[in-house]
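Peer 1: One predicted model, sequence on top.
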Amino acid sequence: SEQQQQQEPQHANDVEERMCRYCLSGPDDEDGEAMGPLISPCLCSGHQKYVHLACLRRWQRMVLVSQPTHPAFYHDDERQHRCGVCKGIFTCAPPTRHELMQSFTGPELGAMLEDGCVIGAHDAFSEELENKLEEMPEMFARITSYDHWVRSAYLITSVTEDDGKTKVQLDDARELDAFRSRLSETLELSVRGTRYRLLAESALEGVEQEHLGSALTALRAPCELVLASGHAAGDCGDDHVCAVNLVRPCAYGPDALGPSVQVATSAVRQAVDAAASRWPAVSREVFEHVHVAHYVGGPCDEQKIVMCIVPGGQRGWSVVENLASALELAARRARAGDGTNGIGAGSSVRMHSLKSATDLNGLVGICIAYDSSAGRWLVRLPNGSGKRVKCENLTVLVNLDSPTAEQGEVHATQENGEAASPQARVLAFWGDARWSRTQLLGEIARGHWGLCKGNVCDIASVPRARRRGLEGRLMYAPPSEMTEESLRDQMREVREV
């Protein structure tokens with residue numbers, strides 16, 4: 001075929017006449033090492049005709065690397081696909097953004113983008129943001145999301161496949177008219193190089209395909225429309241990654257992030273009402289007794305609770321989408337500990353005075369289940385394993401969620417010798433952080449973030465200790481073309497030390 005002829009290596013008799021227009025070398029470099037065959041990927045002729053495939057790939061990578069990682073700000077740069085000289089389309093398609101970012105981070109980090117893993121901000125990235133906040137006028141500092149990223153530790157709560165659909169809310173006639181004007185005759189539009197088509201869903205639910213145009217013309221605002229992109233099936237680069245920040249308990253000051261005390265209190269009251277109405281046989285006080293710790297989860301949807309974490313369960317914690325359900329689960333787990341010296345399922349504990357496993361003394365864990373016949377709690381440990389421990393070898397950890405908390409400890413029995421009442425606990429997150437898989441891989445490739453598996457210490461320690469607890473656990477992407485210079489310098493200093 002013509003393409004095979006273009007990519008066929010040159011014959012020995014004309015080696016000197018052909019060279020790569022990027023590196024100006026033939027199939028071998030000056031030291032005689034093979035550079036790979038020369039190919040003709042476009043319509044250029046003469047000295048511009050040939051390139052090494054590796055050199056072309058390097059150019060295409062440079063074009064992608066030069067763009068921002070946020071999908072709202074990058075576009076499909078035609079320099080990746082089209083020759084800048086002859087304007088012909090390259091016969092060698094460039095790597096996708098997802099493939100490129102994964103090549104920078106490596107497959108190990110890419111595989112760790114799953115629920116239960118933790119994303120930790122690099123110290124140099126945090127320092128850079130702190131310097132920017134200091135230099136920025138206070139008015140602008142408030143509208144940036146920098147505070148959400150500094151010294152942060154985000155627990156990934158979900159990774160969901162992108163279905164290619166986008167909902168568009170149009171609130172008035174002007175917005176609806178502007179939307180109509182952007183659609184082509186085939187009811188399609190292009191946004192940053194991606195083609196979208198109008199679907200018969202939401203406000204156009206039930207409309208036959210051939211009548212979509214007329215139905216759209218007759219539509220009145222406000223309304224919601226649905227578009228579908230033409231992304232190839234199976235490309236997980238557009239997967240949605242959601243995570244919550246474990247280190248920002250609500251401070252409730254006038255300039256603090258997150259809800260006001262009144263809003264937070266109202267949310268808890270409504271959740272208690274909902275739980276009590278679903279379980280009329282259970283005293284309302286059971287749900288009111290659950291301690292709800294409010295956290296600023298991230299910059300998206302800050303004014304509502306988007307996710308809750310309930311300590312306990314096989315992993316050591318459970319992710320629950322609404323507060324009422326979280327209260328129910330936490331109360332049920334705490335009641336499982338009745339009569340067992342004030343410890344309930346989900347209690348954070350520290351082990352002590354163990355005789356047969358002295359290496360576990362001082363370790364923090366979360367109680368999972370109680371074996372009444374043996375008088376022992378199954379405790380989930382930081383390494384993910386479980387250990388059955390007697391109640392007298394456990395100290396309950398309390399006061400874990402205050403912004404200024406220093407980890408406190410109480411013995412499982414009160415001073416009068418009676419069993420303390422287990423305290424159920426829920427972490428409620430106002431807002432969260434959201435990335436596409438490709439976007440987050442790009443930020444990791446730049447050196448902004450590290451990744452590690454989550455463990456019970458991320459829940460059973462005070463907020464100020466959670467980011468410190470990631471040291472030695474976080475994995476970072478190796479230095480590459482994507483790594484920012486300041487981060488590259490710091491990585492170099494660490495290697496020299």
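Peer 2: Here it is on my side, so go on.
Peer 1: where are the low-confidence patches of the stretch 101-250 of the chain?
Peer 2: Along the stretch 101-250 of the chain, segments meeting pLDDT under 70 span 192-194, 230-235.
Peer 1: Show me where it has its helices.
Peer 2: Taking DSSP state H, counting those that start in this stretch as the test, the helices found in the stretch 101-250 of the chain are 107-111, 123-135, 138-143, 146-149, 173-182, 212-218.
Peer 1: Please apply the same query to the stretch 301-450 of the chain.
Peer 2: Under DSSP H, counting those that start in this stretch, the stretch 301-450 of the chain gives helices at 323-335, 437-445.
Peer 1: L170 is nearest to which of those helices?
Peer 2: Closest to L170 of the helices of the stretch 301-450 of the chain is helix 437-445 (C-beta to C-beta; 26.0 Å). In this view, the C-beta of every residue, glycine as well, is placed from N, C-alpha and C.
Peer 1: Next, the angle helix 123-135 makes with the closest one.
Peer 2: 90 degrees (axes from the mean of the first three to the mean of the last three C-alpha atoms, to 10 degrees).
Peer 1: residues making contact with helix 437-445?
Peer 2: Residues outside helix 437-445 that contact it (C-beta atoms under 8 Å, 6 or more residues apart in numbering) are 69-71, 97-98, 101-102, 104-105, 109-110, 113, 119, 159, 236-239, 241, 435, 449-451, 476-477, 480, 482-483.
Peer 1: CA atoms only: put that helix into CSV for me.
Peer 2: Only the C-alpha atoms of helix 437-445 are listed here, as CSV (Å, rounded to 0.1, in the frame of the first residue of the first chain):
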residue,chain,number,x,y,z
ARG,A,437,-9.0,10.3,35.2
THR,A,438,-6.9,11.9,32.5
GLN,A,439,-6.9,15.3,34.3
LEU,A,440,-5.8,13.7,37.7
LEU,A,441,-3.1,11.6,36.0
GLY,A,442,-1.8,14.9,34.4
GLU,A,443,-1.7,16.6,37.8
ILE,A,444,0.1,13.6,39.3
ALA,A,445,2.5,13.7,36.3
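Peer 1: how far does it sit from the chain's center?
Peer 2: Relative to its chain's centre, helix 437-445 lies at 9 Å (C-alpha atoms, centre = their mean, to the nearest Å).
Peer 1: what's the answer for stretch 219-226, then?
Peer 2: That offset, for stretch 219-226, works out to 31 Å (C-alpha atoms, centre = their mean).
Peer 1: Can you measure across stretch 34-54, start residue to end residue?
Peer 2: Stretch 34-54 has an end-to-end distance of 12 Å (criterion: C-alpha to C-alpha, to the nearest Å).
Peer 1: What's the mean pLDDT across that stretch?
Peer 2: Here stretch 34-54 scores 87 as its mean pLDDT.
Peer 1: Pull out the buried positions in that stretch.
Peer 2: M35, L38, I39, S40, P41, C42, C44, K49, Y50, V51, H52, L53 (16 or more other C-beta atoms under 10 Å).
Peer 1: next one: that stretch to chain centre, how far?
Peer 2: Counting by C-alpha atoms, centre = their mean, stretch 34-54 comes out at 40 Å from the chain centroid.
Peer 1: Identify, out of the helices of the stretch 101-250 of the chain, the most deeply packed stretch.
Peer 2: Most buried of these by mean neighbour count (mean count of other C-beta atoms under 10 Å) is helix 146-149; its value is a mean of 19.
Peer 1: what does it contact?
Peer 2: Counting by C-beta under 8 Å, 6+ apart, residues outside helix 146-149 touching it are 121, 125-126, 129, 132-133, 141, 245, 248, 257, 296, 298-299, 433, 448.
Peer 1: Straight-line length of stretch 102-122, end to end?
Peer 2: Across stretch 102-122, first to last residue, C-alpha to C-alpha, it's 19 Å.
Peer 1: Tell me where the stretch 151-300 of the chain has strands.
Peer 2: Applying DSSP state E, counting those that start in this stretch to the stretch 151-300 of the chain gives strands spanning 153-160, 165-170, 188-191, 194-198, 223-229, 240-245, 291-296, 300-311.
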